[in-house]
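In: below is the sequence, then the predicted model.
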Amino acid sequence: MRMQTVSLRPSIVAIFVASIATACGSDSTPTSPTPGPTPPAVSFSQQIQATIFTPTCVPCHNDDGRTPAGGLNLKSGSSYSSLVGVASSGKSGAVRVIASNPSGSYLVQKLEGAPDIVGLRMPRNGPPFLTDAQVAQIRQWIQNGAPNN
């Protein structure tokens, strides 16, 4: 029996070695995904409550001697528990704030005047309505999980 010697071209060997090295992860390219930008933090108490709800919404949405408009009390200390995960009293099947889902949250729909809301766009005494920046801040708070911070 006679053995034959196989001659491989150097370029084929180099490609083979390089492909094995890459498959085994021995190259210097990072394999973990690069994290995206961190969403801006939005404080419910300092930004949403103090600068939007209290001056703009509380005049109608309070329980001072009456039932708040739409059954929604937006006074400090009551607003969070009246919003997050709470069904709307005005539209069947709607939830006021769905954590991490601003577009599905009825609060945002009412503030933006979505076509399928029940009643008027909020605030009811608008225009002027909330600014785009104020609505964007509410959207970001909800997108961040609607934390009670």
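Out: Happy to help now that I have it.
In: quick one: mean pLDDT for stretch 34-46?
Out: Averaging pLDDT along stretch 34-46 yields 88.
In: same deal with stretch 104-120?
Out: Stretch 104-120 comes out with an average pLDDT of 97.
In: stretch 132-149 too?
Out: For stretch 132-149, mean pLDDT rounds to 98.
In: ditto for stretch 54-66
Out: Here stretch 54-66 scores 95 as its mean pLDDT.
In: for that stretch, buried residues please.
Out: For stretch 54-66, the neighbour count (16 or more other C-beta atoms under 10 Å) marks 54, 56, 57, 58, 61, 62 as buried. Placement of C-beta: from N, CA and C, glycine included.
In: in JSON lines: those, plus secondary structure.
Out: Formatted as JSON lines, the buried residues of stretch 54-66 follow (DSSP: H, G, I helix; E, B strand; the rest coil):
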{"residue": "54", "secondary structure": "helix"}
{"residue": "56", "secondary structure": "helix"}
{"residue": "57", "secondary structure": "helix"}
{"residue": "58", "secondary structure": "coil"}
{"residue": "61", "secondary structure": "coil"}
{"residue": "62", "secondary structure": "coil"}
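In: any chance of JSON lines for these, columns distance to residue 147?
Out: As requested, the buried residues of stretch 54-66 are arranged in JSON lines below (distance: C-beta to C-beta, whole Å):
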{"residue": "54", "distance to residue 147": "19"}
{"residue": "56", "distance to residue 147": "21"}
{"residue": "57", "distance to residue 147": "19"}
{"residue": "58", "distance to residue 147": "21"}
{"residue": "61", "distance to residue 147": "21"}
{"residue": "62", "distance to residue 147": "23"}
